[in-house]
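Participant: One predicted model, sequence on top.
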Amino acid sequence: MPILYFENQSTRRLIPLGIHENTTYFYTDSNQFYEFLAFDIRFPHKWRLVGRFERQDISYGFSSLSPGARYIYVLFLRMTDEVTFGIQRIDLVERKEDEFRYTGEISEALRINFERVTLRSGPNGKLVLFDRSLVQGEIPLWTIQLSEEASKTFTVSYNPIGVKGKNTARNGCLFTVAVDPVNRCFAKLMSPRKMLVYTESRMWQEYEIPPEESLYDIFGSDGFPIEENRAVHETFGRHGHRAGAMQTRLTFHDLNGTVVARMLHMDRKNTTAVVELGEFYIFDKFLQTNYVSFQRYINR
């Protein structure tokens, strides 16, 4: 596909896909296509169409940008006369596409809750699907490995993030933060001043904001901004109308080792705080000192 430059005049919603160096990647979702777009933040008026995926008869589709921005992966489930579970890989360097097919039993693939999972990609053709919407019990996670042989296949294995002990209060949380899902690092926000962090080597560890520390300069509250009373949050999408309880206006977003915390204030302004986690020991250091140590924050 040739690279097309144009001014963005699309009325469709732009969905963030990732960022690499000076280039930001988005995609739009229509009834016919996923269109993947990129632009250099130094020249925001010049957009590039870098890929397109035909989504006819696709029931579920998930996209992810690889580290280094070499590939865009599209995992899809097509349900027509027969069920097709596959992955389309768009090579942004060589300008070619490959399709990988699932080698397992389709009944096993249908055990995945496609309504709630998120796709992330790592190096060497490794991808993960995970469900961070659960606030009680283990975190569902599926590991996907691509085969580069001529057959172009992939396998899926279920490797959930387990819980520690049978303490119901400890195994429940306000919400789950995907710190580095490809490397199985997650966190659970338990209260305004307490968090559990999981890694393969250390399992679940509990951290608290030291009594002398505060997040007031960042979020305007002593700890993480958690409301005492829950509100109802509604979403409308292709697969229906959902309603759920919302207890905080704080959201976390992850991409390749970077976690962004965004706080929406009552006056519709927002505070965005960015921390580059790198290796977990850096995050561990943050937790032991200021709990989170953001490199910068922006009020808008």
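Facilitator: Perfect, thanks for sending it. Numbering: from 1, shown residues only.

Participant: CA only for contacts and neighbour counts going forward, please
Facilitator: Noted.

Participant: Output the below-cut-off pLDDT ranges for the chain.
Facilitator: Applying pLDDT under 70 to the chain flags residues 1-12, 165-174, 227-248, 255-258, 266-268, 274-300.

Participant: run the last query once more with 50
Facilitator: Within the chain, the ranges that satisfy pLDDT under 50 run 1-8, 229, 232-233, 239-245, 276-300.

Participant: That one: helices as residue ranges?
Facilitator: Ranges of helices within the chain are 106-109, 168-171, 216-219, 280-289, based on DSSP state H.

Participant: Which other helices and strands does the third one contact?
Facilitator: The one in question is helix 216-219. Under the contact criterion of 3 or more C-alpha pairs under 8 Å, 6 or more residues apart in numbering; DSSP states H and E, helix 216-219 touches strand 270-276.

Participant: rerun at 7 Å
Facilitator: Under the contact criterion of 3 or more C-alpha pairs under 7 Å, 6 or more residues apart in numbering; DSSP states H and E, helix 216-219 touches no helix or strand at all.

Participant: Only the buried residues of it, if you could.
Facilitator: 218-219 (16 or more other C-alpha atoms under 10 Å).

Participant: which residues are contacting that helix?
Facilitator: Contacts of helix 216-219 with the rest of the structure, by C-alpha atoms under 7 Å, 6 or more residues apart in numbering, involve 222, 225, 263, 271.

Participant: out of those, which is most surrounded?
Facilitator: Greatest neighbour count in the contacts of helix 216-219, by other C-alpha atoms under 10 Å, goes to M263: 23 neighbours.

Participant: Now do the same contact list for that residue.
Facilitator: Shown in contact with M263 (C-alpha under 7 Å, 6+ apart): 219, 249-251, 270-272.

Participant: Could you single out the nearest of the residues you listed to A69?
Facilitator: T272 (23.7 Å; C-alpha to C-alpha).

Participant: I'd like the distance between the closest residue to V179 other than its chain neighbours and R78.
Facilitator: Nearest non-adjacent residue to V179, counting by C-alpha to C-alpha, 6 or more residues apart in numbering: F186, 5.1 Å away. Distance, F186 to R78, using C-alpha to C-alpha, to the nearest Å: 30 Å.

Participant: Which one's more surrounded, these two?
Facilitator: Taking neighbours as other C-alpha under 10 Å, F186 and R78 compare with F186 leading, 22 against 17.

Participant: so who does that one touch?
Facilitator: F186 touches 177-180, 197-198, counting by C-alpha under 7 Å, 6+ apart.
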